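Visitor: everything below, folded, please.
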Amino acid sequence: MSLDEKPNVADSEPTVKDSLPVPNGSLQSTTLEQPPAISQRETSPRKRKNRGKWLWFGLAGLLVLGGTGGYFLANRPTNKIDLEKLTVPVKSENLQVRITASGTIVPVQNVNVSPKSQGRIARLLVKKGDRVQTGQAIALMENRELQAQVAQAQANLREALAKIKEAQTSRPEEIVQARSRVFQAQAALRQALNGNRPEEINQARARLLQARAALAQSVNGARPEEINQARARLLQARAALGQSVNGARPEEINQARARLLQARAALGQSQNSQAQQIEQ
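Guide: Below you'll find the model as predicted:
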């Protein structure tokens, strides 16, 4: 029996059985017959109907719960690592690294800069880290002593010019010698700003001493040819002294000039003594 089948109402109601006439003419009593008892399952259709509804509701609920659970299981968050967020594209560039450390910076090559003449630096022409080239001026030295040396050389030049004027009335060889001294004075003026090595200065001093000794001998009644030889040696000593001025220290230059003035004075004395001998 299906759940939707309705029970027959007539089956559950009591029936009255009519009495039939009997031949004796008596009436048979009527009796009320009770229908047979219906089973509990057949007598409770509402319960069966409600049970079917609840069964459908249960199935529907199970379907809803199953679908919801499957959806959440399918869309639940996972522990998958997002590699795109943890990686970056590789590109070529300069790596900037800052290292903090203590130490000493040592250059690849050292160059000692020594001026031709000693003194104090008046001004620097380059800065730290600048690139310099050969022959480039990097500093200016104080030139007070140098200016004094130039002034002394100019005085020597004027003295030589004055001697040329005096020698114009003398013999031709004396004029040539005076001109030679002027040239040497000019050379000394040009080289007054330069210097030279100490050993060359010592050699020039030795030659100057030899020339001075020869000149002293020539003054003491020597022959004219000896005097000329002494003059030639003195000229050579002057030339060597002019060359030795390159690179010498200021005090050495002053000493060499003093010796040159002494040699020049000795030469002047020898010329005067020779002129006196000629007049006699």
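Visitor: state the mean pLDDT of stretch 82-102.
Guide: Stretch 82-102 carries an average pLDDT of 81.
Visitor: check contacts around the closest residue to Ala137 other than its chain neighbours.
Guide: Spatially, and ignoring its direct neighbours in sequence, Ala137 is nearest to Leu125 (5.7 Å; C-beta to C-beta, 6 or more residues apart in numbering). The way it works is simple: take the backbone N, C-alpha and C, and place the C-beta from them, glycine included. By C-beta atoms under 8 Å, 6 or more residues apart in numbering, the residues touching Leu125 are Ala137, Ile138, Ala139, Leu140.
Visitor: please repeat the previous calculation with a cut-off of 10 Å.
Guide: Leu125 is in contact with Val132, Gln136, Ala137, Ile138, Ala139, Leu140, counting by C-beta atoms under 10 Å, 6 or more residues apart in numbering.
Visitor: which of these lies closest to Ala160?
Guide: Distance to Ala160, by C-beta to C-beta, is smallest for Leu140 among the contacts of Leu125, at 31.0 Å.
Visitor: for the closest one, list the residues it contacts.
Guide: Ile121, Ala122, Arg123, Leu124, Leu125.
Visitor: in terms of contact, does the fourth one touch Ile138 like I think?
Guide: Yes. Applying C-beta atoms under 10 Å, one finds Leu124 in contact with Ile138, separated by 7.0 Å.
Visitor: separation between Gly66 and Pro89?
Guide: 46 Å (C-beta to C-beta, to the nearest Å).
Visitor: nearest spatial neighbour of Ile138, skipping sequence neighbours?
Guide: That would be Val126: by C-beta to C-beta, 6+ apart, it lies 4.9 Å from Ile138.
Visitor: what of Leu124?
Guide: Leu124 sits nearest to Ala139 (C-beta to C-beta, 6+ apart), 5.1 Å away.
Visitor: ok, that neighbour - contacts?
Guide: Val113, Pro115, Ile121, Ala122, Arg123, Leu124, Leu125, Val126.
Visitor: which one of those sits closest to Ser180?
Guide: Using C-beta to C-beta, these come closest to Ser180 at Pro115, 32.1 Å.
Visitor: quick check, pLDDT for the closest one.
Guide: 75.
Visitor: can you confirm it is in a helix?
Guide: No. Under DSSP: H, G, I helix; E, B strand; the rest coil, Pro115 sits outside any helix and is assigned coil.
Visitor: closest one of the contacts of Leu140 to Ala258?
Guide: Out of the contacts of Leu140, the member with the shortest distance to Ala258 (by C-beta to C-beta) is Ala122, at 27.2 Å.
Visitor: just want the phi and psi numbers for that closest one.
Guide: phi -90, psi -40 (degrees, to the nearest 10).
Visitor: in contact with it: list those residues for me.
Guide: Counting by C-beta under 10 Å, 6+ apart, Ala122 has contacts Ala139, Leu140, Met141, Glu142, Asn143, Arg144.
Visitor: what about Phe72, helix or strand, and which?
Guide: Element membership for Phe72, per DSSP states H and E: helix 45-75.
Visitor: all helices of the stretch 1-150 of the chain, in order?
Guide: Per DSSP state H, counting those that start in this stretch, the stretch 1-150 of the chain carries helices over the ranges 9-12, 40-43, 45-75, 83-86, 144-167.
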